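Chemist: got a predicted structure plus its sequence, pasted below:
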Amino acid sequence: MNEAISQTEKDRLCVNTIRTLSMDAIQKANSGHPGAPMGMAPAGFVLWTRFLKHSPIHTFWPDRDRFVLSGGHASMLLYSLLHITGYDLSLDDIQAFRQWGSKTPGHPELGVTPGVETSTGPLGQGFANAVGMAMAERFLAARFNRPDFSIVDHHTYVMCGDGDLMEGISSEAASLAGHLGLSKLICLYDANKISIEGPTDITFTEDVAGRFQSMNWHVQTVEDGNDPESIASAIAIAREETNQPSIIIMKTTIAYGSPNKQGCADAHGAPLGEEEVRLTKECLECSLDDCFCVPEGVYETCSCTEKGEKLVHDWQAMFHQYTQEFPNEAKEWEFVMSSELPENFSDSIPDFQDIVGQSIATRAASGITLNAIAKVLPTLIGGSADLAPSNKTFINELQEFQKDSYQGQNIRFGVREHAMGAIMNGLALHKGVRPYGGTFLVFSDYMRPAIRMAALMKLPVIYVFTHDSIAVGEDGPTHQPIEHIASLRAIPGLTVIRPADATETAMAWKIAIEKQDGPTALILSRQKLPVINRDIYPSASQLSRGAYVLTETGKSPQAVILATGSEVSIAMTACKILSEKGIYVRLVSIPSFELLEKQARAYIDEILLPDVKPCVVVEAGISTGWRKFAGAKASFICMNSFGASANGQVLQERYGFTPENIVDCVIDQLKKYN
Ligand SMILES: Cc1ncc(C[n+]2csc(CCOP(=O)(O)OP(=O)(O)O)c2C)c(N)n1
């Protein structure tokens, strides 16, 4: 670059390159969101080139700063930054923005673009992901750092817009972050006062600074979000903060530089148009001739490759020294970051055979299993949305994760299901921890968007959903899940497991922990269920196949009963009654549709006996989804309505979840087919 060009001029050129790359890519794709990338280009430039601790080559270096673009619609800002700072993202990739198979999808997607830390787009999710990442950082720092060896010492930066802060999830997550004093979390808020429908005057007039102050955040305002030096000094101050998370409210102009569209909602989510792009380039004093132009000197100024390699090298050198001085910790660190399971993991899983003949709720069996696993798995971290005593999610011998005890593994999420879901995603994205989180199944709706993101990103998080049916009882229909199991099964990539007893519950946890490529929902009962004697009945390890024949009362069954969870033991009693009547049936326990669907057709047919037409399905939820296993004319003892407030046993009787009703249904089915 011309030596005579001043630093200010260099900065201006780089910032405008981010703007023109964004405009051009969106114009070429004829779709996208130019406004935010253009308004936040200075903040992106300053953060990425002066502060962000990252390596475009070693993109997974564990002590890198994390950057989350919560307003994923501004993806071209991120792609432009990745490109000019030296990531494996070429100009051709930028030109393929939003095209089939490109590395530059409409919204950032984990695993598609090097340097993208999380998939964002549903507003607010990224903000809460960042809180989870910052929590993981503090947890690992507390665990592994030793005097003179800060092997975990990075910031989490999240860039968000008005939309993110309008979403309730950001308040939930910010409240928890403030409570926990996550001082290495820094939010850059694009306060451009524009969203899709127009100026935020029409919807969003709260005092954001006051709100964040009240949530124990350190708050700064940058009056001119276009001034790199003001931005830089605010970030520098935020980095010095050691007690609270920071938010920097940046007053910016959407689509800065566009003579006819800057400051207008029009520029939020549509290409500027060929002519306006030209006029904008003119205003910004950029080259008018070329599209996707990166002027001379921009790469030189922005490249972070060398700097990043030095950071990685220095960290590796420190880590090498750490291995000498703290060999056990170093070994543990390597183990934790590898996501591997300890050798004795399987041995930690209880089999509950010492309590055969007794009854125990699957939520209680889950709590026992969780505590047993925690003894061998140091990465387990999680809690509940204020329902730990009910969800049985507390690990008894371990500390709480609090401001003064970041090494604790019991997280108190508070009554914040949505943020809990997205924070769990952030924890998993960070790596080095295995997150779990619990609430009542009925409130899984409150965290569904985060569950969907976990499935989309294939994150190994575990949901502990208890109180799984009308058998919840007296709390009534507001607390009784009806459609929830089916609706969770509808999320692609989510493994839903509804165990029938304590032994299946233990096995469900084993499978959930072993699963590294997607989330698992454990669906657990409030009420006690008999522990099945596995000396007589098949081993619960068969749960890994999704379904198995639990019992069969004759050599050639006349009917098949399919049941899950708490309805399995009721069906077992029905089988005995039927057998006494000389009717022979097969009872199949189907704890997981998803695991069953992974089996070979031959196995599925072998257990479901498609040629035996009489079939009764028993599940205390809606019947949606069961046809694929049950055949066209099966009977369904399922829920067709909301429940009611009454004793759980009474409700089970009223809604037909009794051995007698199952028996009647089987007999009806036999009559139909004979
Ligand atoms: C949960 C969710 N609801 C709605 C949308 C659709 N949407 C995308 S951007 C946006 C407006 C965001 O406004 P702001 O954060 O101010 O972004 P800017 O206009 O500054 O680009 C909306 C409603 C979404 N992506 N996510």
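Modeler: In hand now; what should we look at?
Chemist: can you tell me the closest non-neighbouring residue to the residue in the stretch 201-350 of the chain that the ligand sits nearest to?
Modeler: Closest to the ligand within the stretch 201-350 of the chain is His268: 4.0 Å, counting by Cβ to the nearest ligand atom. C-beta coordinates here come from the backbone N, C-alpha and C atoms, glycine included. Of all residues not flanking His268 in the chain, Gly35 sits nearest, at 4.7 Å (Cβ to Cβ, 6 or more residues apart in numbering).
Chemist: got the residues of this structure near the ligand?
Modeler: Within the chain, the residues that sit near the ligand (Cβ under 6 Å from any ligand atom) are 33, 35-36, 71, 73-74, 121-123, 161-164, 167, 190, 192, 194-196, 254, 268.
Chemist: need the buried ones from those residues selected in ChimeraX.
Modeler: Selecting only the buried entries of the residues of the chain next to the ligand in ChimeraX, with 16 or more other Cβ atoms under 10 Å as the criterion:
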select :33,35,36,71,73,74,121,122,123,161,162,163,164,167,190,192,194,195,254,268
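Chemist: so which of the residues of the chain next to the ligand belong to helices?
Modeler: When DSSP state H defines the helices, the subset of the residues of the chain next to the ligand inside them is 35-36, 162-164.
Chemist: for these, which one is nearest Cys264?
Modeler: When those are compared for distance to Cys264 (Cβ to Cβ), Gly35 wins out at 8.3 Å.
Chemist: am I right that the closest one is in contact with Lys193?
Modeler: No: shown here, Gly35 and Lys193 do not form a contact pair, counting by Cβ atoms under 8 Å, at 11.6 Å.
Chemist: tell me, how many residues neighbour Ser258?
Modeler: Neighbourhood size, Ser258 [other Cβ atoms under 10 Å]: 27.
Chemist: excluding chain neighbours, what is closest to it?
Modeler: The shortest distance from Ser258 to any non-neighbouring residue, by Cβ to Cβ, 6+ apart, is to Thr280 (4.4 Å).
Chemist: tally of neighbours for that neighbour?
Modeler: Neighbours of Thr280 under the rule other Cβ under 10 Å: 27.
Chemist: got it, and the one 5 residues further on?
Modeler: The local packing of Glu285 (other Cβ under 10 Å) involves 11 other residues.
Chemist: can you classify it by secondary structure?
Modeler: With DSSP: H, G, I helix; E, B strand; the rest coil as the basis, Glu285 sits in coil.
Chemist: and the closest residue to it other than its chain neighbours, its phi and psi?
Modeler: Leaving out its chain neighbours, the residue that sits closest to Glu285 by Cβ to Cβ, 6+ apart is Asn16, at 7.7 Å. Per-residue torsions, Asn16: phi -70, psi -30 (degrees, to the nearest 10).
Chemist: who's in contact with stretch 231-246?
Modeler: Contact partners of stretch 231-246, identified using Cβ atoms under 8 Å, 6 or more residues apart in numbering, comprise 42-43, 46-47, 50-51, 134, 155, 174, 177-178, 181-183, 185-188, 216-220, 222, 225, 248, 250.
Chemist: same question for it, mean pLDDT?
Modeler: Across stretch 231-246, pLDDT averages out at 98.
Chemist: and that stretch, how far out from the chain's middle?
Modeler: 27 Å (Cα atoms, centre = their mean, to the nearest Å).
Chemist: pull out the buried positions in it.
Modeler: Neighbour counts using 16+ other Cβ under 10 Å place 231-232, 234-235, 238, 241, 244-246 of stretch 231-246 among the buried residues.
Chemist: send me it as CSV with only the CA atoms.
Modeler: C-alpha atoms of stretch 231-246 as CSV (Å, rounded to 0.1, in the frame of the first residue of the first chain):
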residue,chain,number,x,y,z
ILE,A,231,-15.3,1.9,18.7
ALA,A,232,-11.7,0.8,19.5
SER,A,233,-11.6,2.7,22.8
ALA,A,234,-15.0,1.3,23.9
ILE,A,235,-13.8,-2.3,23.1
ALA,A,236,-10.6,-1.7,25.0
ILE,A,237,-12.5,-0.5,28.1
ALA,A,238,-14.9,-3.4,27.9
ARG,A,239,-11.9,-5.8,27.8
GLU,A,240,-10.6,-4.2,31.0
GLU,A,241,-13.9,-4.9,32.8
THR,A,242,-13.5,-7.8,35.3
ASN,A,243,-16.8,-7.9,37.1
GLN,A,244,-19.6,-7.7,34.6
PRO,A,245,-20.4,-8.5,31.0
SER,A,246,-20.2,-5.5,28.7
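Chemist: show me where the stretch 1-150 of the chain has its helices.
Modeler: With helices called from DSSP state H, counting those that start in this stretch, the stretch 1-150 of the chain shows them at 7-29, 35-46, 75-85, 91-95, 125-144.
Chemist: circling back: shouldn't the residue nearest to Ser258 be in contact with Asp24?
Modeler: No: taking contacts as Cβ under 8 Å, Thr280 lies outside contact range of Asp24: 10.5 Å.
Chemist: and the closest residue to Tyr463 other than its chain neighbours, what does it touch?
Modeler: The shortest distance from Tyr463 to any non-neighbouring residue, by Cβ to Cβ, 6+ apart, is to Ala521 (4.4 Å). When contacts are counted by Cβ under 8 Å, 6+ apart, Ala521 touches 444, 451, 462-463, 465, 488, 494-497.
Chemist: wait, a strand at Ala521?
Modeler: Yes: assessed by three-state DSSP, Ala521 belongs to a strand.
Chemist: which strand residues bridge it?
Modeler: Beta-bridge pairing for Ala521 (DSSP bridges): Tyr463, Val496.
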